[in-house]
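> Here is my input, please return the structure:
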Amino acid sequence: MAQREQHPSDDEANTFRILIATDNHVGYMERDSIRGNDSLVTFEEILELAIFHSADFILLGGDLFHENKPSRKSMHGVMSLMRRYCVGQRPCKIEFLSDQSINFPPPFPVVNFDSPDYNIAMPIFSIHGNHDDPTGDGSLSSMDILSVSGLVNYFGRASNVDDITVSPLLMKKGTTKLALYGLGSIRDERLHRTFLKKNVKLLRPKEGTEDWFNLFTIHQNRSRHGKTNYIPEQFLDNFLDLVVWGHEHECLVTPVMHPTQNFFVTQPGSSVATSLGEGEAKSKHIALVEIKDKEFNLHELPLRTVRPFIMSEVILSKTTIDPTKEEKVNAFLREKVESMIEQASDQLLDEEREPMKPLIRLKVEYSGGFSTMSSQRFGQQFVDKVANPRDILLFYKKRQTYAGKTEGGADDAPVPNFTPEQLDSSRVEDLVSDFMSKSDQMNVLSSKALGMAVKEYVDKEEKEAISEFVKYSLNQTQSYLKQKKASETDYLQMIQHRQQQMKLREEDEAEVKQVLERVEKQRASQPVKTTASDSDVSDDDGDRDSQAAPATKPRGRGSRGGQGRGSRGSARAASKAAGTASTTSRGGASTRARGRGRVAAAVSASSTIEASFQRSAARSSQKAATNSVVIEDSDSEDEIYEFDAPPATTPARGRSQFASSSRSTTMSSAKALQSSSATARSSSRRKANVQYDDEDDDHDPFSVDSFAPQKKRKRH
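Modelled structure (predicted):
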């Protein structure tokens, strides 16, 4: 295919104008006093450029946020900017043709500029990256939050990573037809294997198949880092016209034609430097793509609010400096850094928001008898001149090349034993067990149980899972040794004997379940604000199952130990059912005090639905013990879902009510009920108005009649 011809952009009615950016990483180093606002300032500039160049919409290639769970500051900043620049009375000239219930996830599968509830002036279409990918309970991401708020059209999420079918977003402007494909970030090794199995299919419209301009955005490794942890460009279909590649931070925005696949690839790179590497040191750009019929023209737009970044390298062995003279080495490096700072100041533009302090990175090769120095101490000389005084210098020695160097520059020597199959089968529990088997310092803990606790911390971010398990194990071990009256010389032997007995009786899993139940109860029993101001709410720390709260000096009524109102009876029964501490009096005395006692788990009728569900579960648990339900999936992932639910209150809806993707996830009854409700809401579907020429695509498309586009309200 020959180079696409440039066309004049005067025919606005038939020309798509798309602003393309990737890897904004909002929230990167937001706690840094100097660099904290860099990502938000540049993201605002991107939105301003979209308005200035009259773009029809913005296409983001993933990693809008730097953290999987962005802070409130980052989320508020992004939503505020989108509200300011993307909502307004400017008419949207795009006609959306494809079935929106297929393209966008529930519960609101409607493109935002067609919704009668919003006035969208600048639509944003985005896939997720590896930093803001769906995870955790419900498999949600920050993009889902922006999607349900109506600010972002989130697409490209694969429901099954082993069999991927990508349906395009079909749009039309005048005579130009655009098919926009998107695939959010998937682990490279796994997606590589899925491509090799030919299980990645891109659907094409049946009607006028060759009339569509096919634009594909992806967020994966483009450069090779190993055998399978990248996606070769030849994996992509050759009917594509332009590929927008995210994840790679080096700015290579100029379109490059693939020699065999006949499509162009543009790599805008990141809009903020998240590392002090060579790729980040290049000038940052975004792209404005104009598409008319089957031709396109790409304009490179430089970003003016990016912090200057200067990178250089010195080889000390090539200088005349004596390796034993540290003062001369220090002076030489200081002079080099000063010249780099002057170079950065010369690159500053007349931009009001442009950061003044640059990023400086000097790589120092110190072989030949030279020694290193403290980079932090060296950087103290430039605290008022650079934005990264603590890591200006990077000392290194030349690597020795391996015999197994390949043509692509990747070293195959370190990775012969890591296949995709092994990576897929590796589990957190196995890694912990392997570590424990090589260590003799943690005999008190069970390797299997600790692995389960670590998995809860990783998959569900249960921050207290590991610490609570360690406390629980120590208490149980101490009680066991006291019961056996073991001497200090027999401690180790007795502990090992106890661990062996637990493995035989499979009690280590029961330990973790008890600890996780305790963590859940702790979260549920946090103090609730009430209108009463004359009593305190007790908060049990979960480590004392049967101990009463420490007595304090009582005041007022309830100090004599008499039986008062609300101190016994139903309140005590409710306290036991909820698994929380006993009641307290006004002065913090014990449960037998006079006065108005209060149960920690007892909340008012105006509390949340989840709390009321927990109270219902607590009442039913007085009559029947809580059942532990384990549902095993038979596919290759061996996923196991665990939850504790009273049999009388949990609705039997099958596997569809569990939204977690981890192998072992403890869910509360309220979360299981909410997940089943969300699944029920997304079950309605409507017919697609565009057909695709894929014989295997016989699934019933999503349809949400209640959210179908209605008559758009007039803009005032």
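> which residue ranges form the helices in the stretch 51-200 of the chain?
Using DSSP state H, counting those that start in this stretch, the helices assigned to the stretch 51-200 of the chain run over residues 72-86, 100-103, 142-148, 188-196.
> Switch these over to TSV, and while doing so, append mean pLDDT, distance to residue 297 and mean neighbour count to every line.
Quick note: C-beta positions are derived from backbone N, CA and C, even for glycine. Listed next are these as TSV, based on pLDDT from 0 to 100; distance: least, CB to CB, whole Å; neighbours: other CB atoms under 10 Å:
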stretch	mean pLDDT	distance to residue 297	mean neighbour count
helix 72-86	96	24	17
helix 100-103	89	26	24
helix 142-148	93	29	21
helix 188-196	93	30	19
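> closest to residue 383 out of these?
Nearest of the helices of the stretch 51-200 of the chain to residue 383, taken as CB to CB: helix 72-86 at 24.9 Å.
> Can you give the contact residues for that closest one?
Here helix 72-86 makes contact (CB atoms under 8 Å, 6 or more residues apart in numbering) with 26-27, 30, 40, 43-44, 47-48, 50-51, 64-67, 70, 120-124, 142, 145-146, 149, 151-152.
> confidence score at the nearest residue to residue 279 once chain neighbours are set aside?
Excluding the flanking residues, the one nearest residue 279 by CB to CB, 6 or more residues apart in numbering is residue 250, at 3.4 Å. Residue 250 is assigned 93 on the pLDDT scale.
> hang on, the earlier thing: could you pick out the buried ones from the contacts of helix 72-86?
Buried subset of the contacts of helix 72-86 (neighbour count, 16 or more other CB atoms under 10 Å): 26-27, 30, 40, 43-44, 47, 50-51, 64-67, 70, 120-124, 142, 145-146, 151-152.
> Where strands are concerned, which of these count?
Counted as lying in strands by DSSP state E, out of the buried ones among the contacts of helix 72-86, are residue 124.
> what packs against the strand or helix carrying residue 483?
Taking DSSP states H and E as the criterion, residue 483 maps to helix 465-484. Judged by 3 or more CB pairs under 8 Å, 6 or more residues apart in numbering; DSSP states H and E, helix 465-484 is in contact with helix 447-460, helix 491-505, helix 507-524.
> So what does residue 297 look like in phi/psi?
Reported as degrees, to the nearest 10, the phi and psi values for residue 297 are phi -140, psi 130.
> Isn't it up against residue 289?
Yes - Residue 297 lies in contact with residue 289 (CB atoms under 8 Å); the separation is 7.3 Å.
> what about those two, which has more around it?
residue 289 (21 against 17; other CB atoms under 10 Å).
> Could you double-check that the more buried one lies in contact with residue 296?
Yes - counting by CB under 8 Å, residue 296 is a contact partner of residue 289 at 5.7 Å.
> list residues touching both of these two?
Shared contacts of residue 289 and residue 296, counting by CB under 8 Å, 6+ apart, come down to residue 242.
> Residue 127 - nearest residue in space that isn't next to it in sequence?
In space, residue 127 is closest to residue 156, 3.6 Å off (CB to CB, 6+ apart).
> ok, now which ones touch that neighbour?
With CB under 8 Å, 6+ apart, residue 156 has these contacts: 127-128, 166, 181-184, 217.
> 10 Å instead?
61-62, 103, 125-128, 143, 166-167, 169, 180-185, 216-219 (CB atoms under 10 Å, 6 or more residues apart in numbering).
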